[in-house]
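structure of the sequence below:
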Amino acid sequence: MFLRDVLVILVVAVLASFLIKTFLIRSFYIPSASMENTLEVDDRIIVNQLSPDLIPLTHGDVVVFRDPGGWLPPQEAVQQSPVAAAVDWLLSIVGLSAPDSNDHLIKRVIGLPGDEVSCCNALGQMSVNDVPLTEPYIKVPSGVAKVSDLDFDVTVPEGYLWVMGDNRYNSRDSRYNTDKPGGGFVPIGNVVGRALVVSWPISRWAWLDDYPDTFRGVEQPGG
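Next up is the predicted model:
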């Protein structure tokens, strides 16, 4: 009787974890330096999967998304022992492992559908809908004022996003993928969710800010 109750509790716990991971939140790790200093290599993050389907995305959100096509180099299959592969699979079911992190990217939303995003003005700033942005979250080389080494002026199509890494001189983001499918824009349907918090290591626990003050005055498209 006791063993049966324990088994039922374990099954319910695994099922609940699976449902939470599938529909609500899941874990990813950061494989590159493109979002420094906001996120560092091997940080683990918790992603809210209710965005964008139920919770609309906003300027400044940090989002995880599937490669729109050609952004990532071909990935070699990771060789694991059968036992390690089985453990990794079980942990992925409940959201404690993220074996597909290398197949996803994480960037900050700069442009929403209908936005005009341009760079750079005389002060080296980027603008959204003609509003210059002061971006406290970015990392640029010492002594550099321009927030992007590439100049651009784009209008975000309906159903797409313009995304950029916080580590502006070390991020293969929308700017560098204009020759790829989608022209550097990310289909909203590719977004897995919005990153909420750094969950590991413990020393880096932090909520991920979308910096509303930075984008204050940038009108929503059509608004």
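
how close does Asn167 sit to Ser34?
According to C-beta to C-beta, to the nearest Å, Asn167 and Ser34 sit 5 Å apart. Quick note: C-beta positions are derived from backbone N, CA and C, even for glycine.

I meant to write Gln125 there.
Counting by C-beta to C-beta, the gap from Gln125 to Ser34 is 20 Å.

the more surrounded of these two?
Neighbours of Gln125 and Ser34, each counted by other C-beta atoms under 10 Å, are more numerous for Ser34; the result is 22 against 18.

in stretch 179-188, which residues are buried?
Gly182, Gly184, Phe185, Val186, Pro187, Ile188 (16 or more other C-beta atoms under 10 Å).

for this structure, which strand is longest?
The longest strand of the chain (DSSP state E) is strand 191-200.

what packs against it?
Identification of packing neighbours for strand 191-200 by 3 or more C-beta pairs under 8 Å, 6 or more residues apart in numbering; DSSP states H and E yields strand 25-29, strand 44-48, strand 62-66, strand 206-207.

and Gly193, how far from Glu40?
From Gly193 to Glu40 the distance is 20 Å (C-beta to C-beta).

of the two, who's got more company?
In this view Gly193 and Glu40 are compared by other C-beta under 10 Å, and Gly193 has more residues nearby, 23 against 14.

separation between that one and Asp173?
Here the criterion is C-beta to C-beta. By it, Gly193 lies 18 Å from Asp173.

show me which pair in the buried residues of stretch 179-188 is furthest apart.
Between any two of the buried residues of stretch 179-188, the greatest separation by C-beta to C-beta is 14.5 Å, found for Gly184 and Ile188.

identify the residues contacting the helix or strand where Val109 lies?
Val109 is part of strand 104-111 when elements are defined by DSSP states H and E. The contact list for strand 104-111 (C-beta atoms under 8 Å, 6 or more residues apart in numbering) reads 28, 30, 34-35, 38-39, 45, 57-67, 71-72, 117, 126, 128, 137, 154, 156, 161-166, 171, 173-174, 186, 192, 195.

go with 7 Å
28, 30, 35, 39, 57, 59-67, 71-72, 117, 128, 156, 161-166, 173, 192, 195 (C-beta atoms under 7 Å, 6 or more residues apart in numbering).

average pLDDT for it?
Average pLDDT, strand 104-111: 95.

convert the C-alpha atoms of that strand to PDB, please.
In PDB, the C-alpha atoms belonging to strand 104-111 read as follows (Å, rounded to 0.1, in the frame of the first residue of the first chain):
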ATOM      1  CA  HIS A 104      18.100  27.900 -30.100                       C
ATOM      2  CA  LEU A 105      19.200  31.500 -29.800                       C
ATOM      3  CA  ILE A 106      18.600  34.200 -27.200                       C
ATOM      4  CA  LYS A 107      18.500  37.900 -27.900                       C
ATOM      5  CA  ARG A 108      16.700  41.100 -26.900                       C
ATOM      6  CA  VAL A 109      13.700  42.400 -28.700                       C
ATOM      7  CA  ILE A 110      14.400  45.800 -30.200                       C
ATOM      8  CA  GLY A 111      11.800  46.000 -33.000                       C
END
